[in-house]
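Peer 1: Could you work out the structure for the sequence below:
(one chain, ligands or ions: 2)
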Amino acid sequence: MPKLPDFSHPLFFTLLIIVMFLVVAGRYFLIAAIFHFSFFVIGKNKFTNRRLGKKPLDKKQFYSEVKWSFVTSLLFAVAGALTTVLWQKGYTKIYFDVNQYPLWYLPVSLVISMLIHETYYYWLHRWMHKPKVFKILHKVHHDSNTTSPWTAFSFHPLEGLLQAIILPLTIMFMPMHVYVLLFQLTIMTFSSVINHLEIEVYPKNFHKHLLGKWMIGATHHSLHHKQFKYNFGLYFTFWDKVKRTESPKFEALFDEKTNRNKSVKKEEVLETEGSK
Ligand SMILES: [Zn+2]
Ligand SMILES: [Zn+2]
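Peer 2: Ligands and ions are numbered 1, 2, ... in the order given. Have a look, this model is predicted:
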């Protein structure tokens, strides 16, 4: 490995934050833009039956979402830079040699880290829906009632901070190859964009599939933004299933959006409930 500068030095630390910000914000912007153009520009008329939100993309909402997403990206960049310093000082279990642990550990560590992230986020998210906490931490994210790919990182800085700490904490205790860590961060961005797309991209009956039923998608998370009291998960549905917080409307809405022939009362399913 090439010799790296001491990132705890203020100059290098600042430079590292700038580089990480460009990577995190660039990745968010690129993935959101690809989904936006594929589904709302090129495929504008192709996915109308799979659309979950009723309203077209609101320009004011778009600017607000991009603004908050860049703030979140900056917070993620600071967390990334701090993690790099911790790694340089020997406080993390990040490793670079794939042979340091058995190869099977690469996918296993990814799954374990995602399960830790899921558990942390589900309970954090439940807590953020307590009325007093909601107003301070989580309202910014829910200002997007009809979400879009740009909603993916649209969080209040305090919520962004709480989200940013879990991965650095995980790798202080759990060995993770650096590429597995970067892969999880990319999955996180993709999954957030897909979940806020407001167009169901998964195939028919995916919600009943052996693996698909455990994955959150646009329908699942769209119901969270419209009903508030259900579907708190991040990547997976298991906590919502175990704690019985999965929306009772989920299966019917998923069926409706992925099955052209089935008619379900759209307005009833999409009705906004309990807005705060
Ligand atoms: Zn929420
Ligand atoms: Zn959301």
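
Peer 1: what about the strands in the stretch 101-250 of the chain?
Peer 2: Assigned by DSSP state E, counting those that start in this stretch, the stretch 101-250 of the chain shows strands spanning 176-177.

Peer 1: Please enumerate the helices of it.
Peer 2: For the stretch 101-250 of the chain, the helices defined by DSSP state H, counting those that start in this stretch occupy 105-128, 131-133, 139-142, 157-164, 166-173, 178-195, 218-227, 238-242, 250-258.

Peer 1: closest to Leu210 out of those helices?
Peer 2: Ranking these by their distance to Leu210 (criterion: Cβ to Cβ) puts helix 238-242 first, at 13.4 Å. In this view, the C-beta of every residue, glycine as well, is placed from N, C-alpha and C.

Peer 1: Point out the other elements, helices or strands, that that closest one touches.
Peer 2: Helices and strands touching helix 238-242, by 3 or more Cβ pairs under 8 Å, 6 or more residues apart in numbering; DSSP states H and E, are helix 105-128.

Peer 1: Please identify the buried residues of the helix it packs on?
Peer 2: 105, 109-110, 113-114, 116-122, 124-125, 128 (16 or more other Cβ atoms under 10 Å).

Peer 1: Any chance you could list what contacts that helix?
Peer 2: Here helix 105-128 makes contact (Cβ atoms under 8 Å, 6 or more residues apart in numbering) with 98, 101, 133-134, 137-138, 159, 162-163, 166-167, 170-171, 174-177, 180-181, 183-184, 187-188, 232-236, 238-240, 243, 245.

Peer 1: out of the buried residues of helix 105-128, who's nearest Ser222?
Peer 2: Closest approach to Ser222 among the buried residues of helix 105-128 (Cβ to Cβ): His125, at 15.4 Å.

Peer 1: Would you mind identifying the next helix or strand past the host helix or strand of Thr72?
Peer 2: Element membership for Thr72 (DSSP states H and E) is helix 59-88. Downstream of helix 59-88, the next assigned helix or strand under DSSP H and E is strand 94-95.

Peer 1: List the contacts of that next one.
Peer 2: Residues outside strand 94-95 that contact it (Cβ under 8 Å, 6+ apart) are 87, 101, 171, 175-178, 181.

Peer 1: can you do 7 Å?
Peer 2: Residues external to strand 94-95 that are found in contact with it (Cβ atoms under 7 Å, 6 or more residues apart in numbering): 87, 171, 175-178, 181.

Peer 1: tell me the average confidence for that strand?
Peer 2: Averaging pLDDT along strand 94-95 yields 96.

Peer 1: Over to stretch 11-27?
Peer 2: In this model, stretch 11-27 has a mean pLDDT of 96.

Peer 1: same check, this time on stretch 258-273
Peer 2: Computed over stretch 258-273, the average pLDDT equals 54.

Peer 1: Check stretch 35-43 too.
Peer 2: 92.

Peer 1: ends of it, how far apart?
Peer 2: Using Cα to Cα, to the nearest Å, the end-to-end distance of stretch 35-43 comes out at 10 Å.

Peer 1: List the buried residues in that stretch.
Peer 2: Buried-residue list, stretch 35-43, by 16+ other Cβ under 10 Å: 35-36, 38-40.

Peer 1: likewise stretch 57-75?
Peer 2: Judged by neighbour count using 16+ other Cβ under 10 Å, the buried positions of stretch 57-75 are 61-62, 64-66, 68-75.

Peer 1: circling back to that earlier point, out of the helices of the stretch 101-250 of the chain, which one sits most buried?
Peer 2: helix 218-227 (a mean of 24; mean count of other Cβ atoms under 10 Å).

Peer 1: residues making contact with that one?
Peer 2: Contacts of helix 218-227 (Cβ under 7 Å, 6+ apart): 52-53, 142, 144-145, 147, 194-201, 230-232, 237, 247, 249-250, 253-254, 257, 270, 272-274.

Peer 1: Dump the contacts of strand 94-95 into JSON lines; add distance to Asn45 as well.
Peer 2: Formatted as JSON lines, those follow (distance: Cβ to Cβ, whole Å):
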{"residue": "Trp87", "distance to Asn45": "48"}
{"residue": "Ile171", "distance to Asn45": "45"}
{"residue": "Pro175", "distance to Asn45": "49"}
{"residue": "Met176", "distance to Asn45": "43"}
{"residue": "His177", "distance to Asn45": "43"}
{"residue": "Val178", "distance to Asn45": "43"}
{"residue": "Leu181", "distance to Asn45": "40"}
